[in-house]
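>>> Structure of the sequence below:
(2 chains)
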Amino acid sequence: MPDEPPPLLPPEEPLPPRTDLWVAASFLAFSAAILVLAWQMPTYTDQGGPIYNAPALVPSFYGVVIGLLSVWLAARAVRAGALGPTAGRDAPRTNGNSNGRLALAAGLGILFIVGLIGRMPFWLAAAIFVTLFIAAFEWRPGLDAKSRLRSLATALLQGVLTGLLVTLVFERLFLVRLP
Amino acid sequence: MLDSLGQFGAALAHLLSGWGVLNVFWATLLGIIIGALPGLTATMGVALMTTLTFTMGHEQAILVLVCIYVGAIYGGSRSAILLNIPGTPASACSTLDGFPLARQGLAGRAMGISTAGSWLGTLFGILCVAALTPVLSEVALKFQSFEFFWIAVFGIVIAGTLAGGDPLKGYIAGFLGLFIATIGQEPYYNYARFAFGSTDLAGGIGLLPALVGCFGVAEVLQSMRGPAVQAVANKIDSVIPRIEDVVRYWRTILRSGAIGTFIGILPGLGEDTAAWSSYAAARRASKEKDKFGKGSVEGLMAAETGESACVPGAIIPVLTLAVPGSAPAAVLMAAMLIHGLNPGPNLMLQTPEFFYQIVAMLLIADMSKLFVGLTLVRPLLWILLVPRERLMPVVFVLCVVGAYAITSRVFDIYVMLFFGLLGFVLRQLKFPMAPLILGLVLGELLEKNLTRGLVLSGGDIAPFFTRPVSGALAAITIGSILWSIPAFSDRVRSLFRRRAVRPA
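Numbers count the residues shown, from 1 in each chain, chains lettered A, B, ... in the order given. So this is what the prediction gives:
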């Protein structure tokens, strides 16, 4: 057996076939939605415009291609055993990843954008966000009061400094508008 | 020739006048820091700095962005060598030999090799930019809509095929990016597509907020989800590159420079592919194959030269075809558009001085990288020790500012957040980001040229396949898609094997 050419990048661990099947189904539904919405667009042929300039033409083309690629992905997942009784039952490897930390980071980010920005000066919103973020992620159960206070104090200091410096550098020095 | 050198000299003098030197210094340093910090990428750095440089003149703004780009790609090797964690995806290959060298007490030497390889690689790429850009621009001027349509499709397909991971998911990501680019008013009737009555959506999805989301917010989420990086204390020996390392591996440097530049020219592939390809080629040709992966000087030199040569290489298609060669080059192209420049074949006609300026910018950035990389070793080490809990909220704040500042629309912050979450989910599902970004960037080019081509041909699609260059591009594109189908590629390979065996 001759040597296969080496891949340009190291291979990644593939997802379970059942996950790929769900992804394919989602993209197929997405492509169907594109086609339905494109169908409802005006063609402007009644105004003498050629059909190939119709607003829906290009998105429809993309919708069809995404649909075909999704069918290909689904077929490949089924061939790999996505419909088999054991498919997708493997315990997902965590590799040290934490969905709790992810949810906390995403939640704080959304709070900053939806809850803080626009309701107060930007420097203050940034200071609150940075302080909360650091305090939440550096919170360790069992930490003594002195260490906890020091951690909170440095978080607050960094938060205020970030808010002030970002405002100073962007708004005053580079004349960029802030939200 | 003399005239060209004169113009190049004038560009150098112009760029370094006034605040130029200071801008070069801080931008390169910031680029190296961004590259060195795991979780921050070159694309993110260039995207964020596009906002910061919005009010600068276009020469200084693009100079700062080029310095950030060149610095960040180089900076990634610092954490690759010292922490075994690539600072940017491009420097993942450098961990293979850089970290083993550091563990042998040769961290300084490894950084010296990385600096020399990176400097020479970028220099090689700059020579290619100077030599190839005018020639390719001349060729590209003969292209019509049919060819540009296929160049855009080819970019998406080749990025999907070779950008790493699953080609099929790469194609889906690319066409998803193309679809997103259709949201908002279309060019002929100003009909607002997929706007659902929203005036914000009718204005379209801003490229920069989407990029900041995909590469900034998604990176913050990924970094906070993953395990903490353990910093290793390391005694640093001399970082001054050894002449013998360069002289001994000159063939590797030239080969990696050529591979890196070529991969840079191909749309959407980028520095990580360049590094891995250069590394693989060096290993195949090396007399010391067994040392690779255990602290090979040649391996580290190849990876660093390849990834850094890719940076100027990725700018060549921006200047000649308005098609970016990598994700950071896509943002750089967006920045050029924001500053009123017109990347593509007409650039050499409309603003020929900008070509000399970009060559000068790359050279200045390369020299600055050499200076900062060799002098500020200790401060760069301290920065690696900043815990992510303290770094990532600041990055998130900068992402928000970056998304908002160009058009001052709060809607763009929501776009950034949406693309951050989308980018994160797609990455978890093993969808590569490069084709998605390329789709977003090339969407307008593709649609404009498809419809313009159809108008020119009166609705006939034949010229898209029968014109010589169009036909060749169509054949390569369709061939690339077919090649990614295992049943097809296996059959073709077995056909060739049978033919090779038969004469014997």
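>>> what number of residues lie near residue B:324?
Residues near residue B:324, counting by other Cβ atoms under 10 Å in any protein chain shown, number 29. C-beta here means a position set from N, CA and C on the backbone, and glycine is covered the same way.
>>> That one falls within a strand, correct?
No - assessed with DSSP: H, G, I helix; E, B strand; the rest coil, residue B:324 is coil; it does not lie in a strand.
>>> Look up how far residue A:154 lies from it.
With the distance defined as Cβ to Cβ, to the nearest Å, residue B:324 ends up 41 Å from residue A:154.
>>> and what of residue A:160?
11 Å.
>>> quick one: low-confidence parts of chain B?
Filtered on pLDDT under 70, chain B yields the residue ranges B:1, B:163-164, B:228-237, B:498-504.
>>> Quick check: the residue most central in space within it vs chain A, distance?
The C-alpha lying nearest the average C-alpha coordinate of chain B belongs to residue B:326 (Cα atoms, centre = their mean; 3.0 Å). Applying Cβ to the nearest Cβ, to the nearest Å, the value for residue B:326 to chain A is 14 Å.
>>> Same question for residue B:329.
18 Å.
>>> For that residue, the count of nearby residues, please.
For residue B:329, using other Cβ under 10 Å, the count is 31.
>>> residues contacting the residue nearest to the centre of chain B?
B:264, B:268, B:269, B:270, B:271, B:310, B:311, B:314, B:434 (Cβ atoms under 8 Å, 6 or more residues apart in numbering or on different chains).
>>> sec struct for residue 49, please.
Looking at chain A here, since you left the chain open. coil.
>>> actually it's chain B I care about, not the one you picked
Per three-state DSSP, the local secondary structure of residue B:49 is helix.
>>> nearest residue to residue B:350 other than its sequence neighbours?
residue B:342 (5.9 Å; Cβ to Cβ, 6 or more residues apart in numbering or on different chains).
>>> isn't there a helix covering the one you found?
No - assignment of residue B:342 by three-state DSSP gives coil, placing it outside any helix.
>>> Give me the neighbour count for the closest residue to chain A within the stretch 201-350 of chain B.
Nearest to chain A in the stretch 201-350 of chain B, going by Cβ to the nearest Cβ, is residue B:227, at a distance of 3.1 Å. When neighbours are counted by other Cβ under 10 Å, residue B:227 registers 11.
>>> pretty sure it contacts residue A:97?
Yes - Residue B:227 lies in contact with residue A:97 (Cβ atoms under 8 Å); the separation is 7.2 Å.
>>> circling back to that earlier point, for the residue nearest to the centre of chain B, give its distance to residue B:312.
Residue B:326 is 11 Å from residue B:312, by Cβ to Cβ.
>>> what do you get for residue B:78?
Going from residue B:78 to residue B:312 by Cβ to Cβ gives 21 Å.
>>> hmm, back to that, overlap in contacts, residue B:326 and residue B:312.
residue B:264.
>>> The residue most central in space within chain A: what's it in contact with?
By Cα atoms, centre = their mean, the mean C-alpha position of chain A lies nearest to residue A:106, the distance being 9.8 Å. By Cβ under 8 Å, 6+ apart, residue A:106 lies in contact with B:221, B:421.
>>> so which strand or helix has it?
helix A:99-110 (DSSP states H and E).
>>> so the following helix or strand past that helix versus helix A:99-110, what angle?
Moving toward the C-terminus from helix A:99-110, the next helix or strand (DSSP H and E) is helix A:122-137. Computed by axes from the mean of the first three to the mean of the last three Cα atoms, to 10 degrees, the angle separating helix A:122-137 from helix A:99-110 equals 170 degrees.
>>> who does the helix or strand just after helix A:122-137 touch, helix- and strand-wise?
Heading C-terminal from helix A:122-137, the first helix or strand you meet, by DSSP H and E, is helix A:145-166. On a contact count with 3 or more Cβ pairs under 8 Å, 6 or more residues apart in numbering or on different chains; DSSP states H and E, helix A:145-166 meets helix A:122-137, helix B:388-405.
>>> Let me see the domain layout of chain A.
As recorded under automatic domain parsing, the domains making up chain A are A:17-79, A:99-173.
>>> now the ones you listed in CSV, with distance to residue B:96?
Output for the domains of chain A, formatted as CSV (distance: least, Cβ to Cβ, whole Å):
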stretch, distance to residue B:96
domain A:17-79, 30
domain A:99-173, 29
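>>> Please dump the ones you listed into JSON lines; it should also carry mean pLDDT and distance to residue B:35 for every row.
Converted to JSON lines, those look like this (pLDDT from 0 to 100; distance: least, Cβ to Cβ, whole Å):
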{"stretch": "domain A:17-79", "mean pLDDT": "93", "distance to residue B:35": "32"}
{"stretch": "domain A:99-173", "mean pLDDT": "91", "distance to residue B:35": "20"}
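>>> mind checking which of the ones you listed is nearest residue B:173?
With Cβ to Cβ as the measure, domain A:17-79 is the member of the domains of chain A nearest residue B:173 (9.9 Å).
>>> to the chain's geometric centre, what's the distance from that closest one?
On the basis of Cα atoms, centre = their mean, to the nearest Å, domain A:17-79 sits 22 Å off its chain's mean C-alpha point.
>>> ok so, going back, kindly point out which residues are neighbours of both of residue B:227 and residue A:97.
By Cβ under 8 Å, 6+ apart, no residue touches both residue B:227 and residue A:97.
>>> List the contacts of residue B:366.
Contacts of residue B:366 (Cβ under 8 Å, 6+ apart): B:70, B:119, B:122, B:123, B:126.
>>> Sticking with it, tell me its helix or strand.
Judged by DSSP H and E, residue B:366 forms part of helix B:352-375.
>>> following that helix, which helix or strand comes up?
helix B:377-384.
>>> Just name whatever secondary elements that next one is in contact with.
helix B:20-36, helix B:58-83.
>>> does the nearest residue to residue B:469 once chain neighbours are set aside sit in a helix, a strand or a coil?
Distance criterion Cβ to Cβ, 6+ apart; nearest residue to residue B:469, sequence neighbours excluded, is residue B:147 at 5.0 Å. With three-state DSSP as the basis, residue B:147 sits in helix.
>>> dump the residue contacts of residue B:147.
Taking Cβ under 8 Å, 6+ apart as the test, what residue B:147 contacts is B:467, B:469, B:470, B:473.
>>> Could you do residue A:62 as well?
If you count contacts by Cβ under 8 Å, 6+ apart, then residue A:62 has A:34, B:175, B:178, B:179, B:182 around it.
>>> Hmm, the last one is touching residue B:194, no?
Put plainly, it is residue B:182. Yes - here residue B:182 lies in contact with residue B:194, judged by Cβ under 8 Å, at a distance of 7.2 Å.
>>> Find residues that contact each of these two.
Contacts common to residue B:182 and residue B:194, judged by Cβ under 8 Å, 6+ apart, are residue A:59.
>>> out of these two, which sits in the more crowded spot?
Applying other Cβ under 10 Å to residue B:182 and residue B:194 shows that residue B:182 carries more neighbours, namely 25 against 19.
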